[in-house]
Each structure stands twice: as C-alpha cells, then as structure tokens.
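Engineer: Please find the sequence and the predicted model below.
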Amino acid sequence: MNTSVDIRMAASEYVDVCGTDDLWDGEMEAFDVGDYEVLLVKHDGQFHAYDGICPHQSVSLVEGHLTEDGVIFFKAHEWQFSAGSGQGVNPVNVCLQQFPVKVEAGRVLIGTEPLPKE
C-alpha cells in the first residue's frame, strides 16, 4: 500500500475514487477525475495514476491489460508502458501523464490535475 505522497505533487484537489481493497494487486481501473479519465493501477502493492487516454490513438487504456511484470499493454496497437513510472516500454520515447495519488484511511484519492511533466 502506498502511504506516502509524491513530493512532486501538483497543487490540486483530490477525488476519493475507491477503497484500497477494491483493486487487487495487478488490476487497473478507469475513473473520472475532474476533467480527465484517469487510469488507476495497483502493482506490487503501490497505486499509480495516469491519464487514461492513450497518447497514440486517443482510446481508453483500461481496455488493455497489466502484465505480471508490471507492463501496461494496450492491445489496439501493442504500445506498452511501465506500471510504476508510466515510461514507454514500446516505444521508449513516450510517457504517460502522471496524476498524484495518496492513500488516507483505507481510501485511494487521485489529484484532479496531472503532475508537471519532467
């Protein structure tokens, strides 16, 4: 369970999206957060949130799947992203936009604005 808050956090409000037990390790789900569809991924006990729309074909990433080794695999065009960082695996020059995530009192909260790009 990720109980720490990302220090790069953008100034944003948070939306309570689910309980920590609602997503099993290795699962992902899409949520409407502010003006965004956000993909929430639970991998190795940690929660990660990304823009839920594929940067290539503007299709929902929740239609893909998460592999056991932590790769978000999008079946429509076989692009792949690291579940832990959002960094592209195939192709490597693309990165998913991250959203801040925090866990409080057994609830998962996602920031309404994406983190600044690095």
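Structural biologist: Sure thing, it's come through.
Engineer: Report how many residues lie close to residue 39.
Structural biologist: 28 (other CB atoms under 10 Å). Heads up, the C-betas are built off the backbone N, CA and C, glycines and all.
Engineer: partner residues bridging it?
Structural biologist: Beta bridges link residue 39 to residue 30, residue 50, judged by DSSP bridges.
Engineer: And the pLDDT for it?
Structural biologist: Looking at residue 39, its pLDDT is 97.
Engineer: Do I have it right that it meets residue 30?
Structural biologist: Yes. Shown here, residue 39 and residue 30 form a contact pair, counting by CB atoms under 8 Å, at 5.5 Å.
Engineer: Now tell me what touches stretch 107-118 from outside.
Structural biologist: 6, 8-20, 22-23, 31, 33-36, 38, 40, 47, 49, 51, 95, 97-103 (CB atoms under 8 Å, 6 or more residues apart in numbering).
Engineer: Drop anything exposed from those residues.
Structural biologist: Buried members of these, counted by 16 or more other CB atoms under 10 Å: 6, 9, 12, 14-15, 17-18, 20, 23, 31, 33, 36, 38, 40, 47, 49, 51, 95, 97-103.
Engineer: Mind checking which of these land in strands?
Structural biologist: 14-15, 17-18, 31, 33, 36, 38, 40, 47, 49, 51, 98-99, 101-103 (DSSP state E).
Engineer: shared neighbours of residue 39 and residue 30, which are they?
Structural biologist: Joint contacts of residue 39 and residue 30 (CB under 8 Å, 6+ apart) are 52, 61-62.
Engineer: now those residues in a markdown table, with pLDDT and neighbour count?
Structural biologist: A markdown table is the format used below for the shared contacts of residue 39 and residue 30 (pLDDT from 0 to 100; neighbours: other CB atoms under 10 Å):
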| residue | pLDDT | neighbour count |
| --- | --- | --- |
| 52 | 94 | 24 |
| 61 | 90 | 25 |
| 62 | 92 | 19 |
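Engineer: Let's have the residues you listed in JSON lines, adding distance to residue 79.
Structural biologist: Listed next are the shared contacts of residue 39 and residue 30 as JSON lines, based on distance: CB to CB, whole Å:
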{"residue": "52", "distance to residue 79": "14"}
{"residue": "61", "distance to residue 79": "9"}
{"residue": "62", "distance to residue 79": "14"}
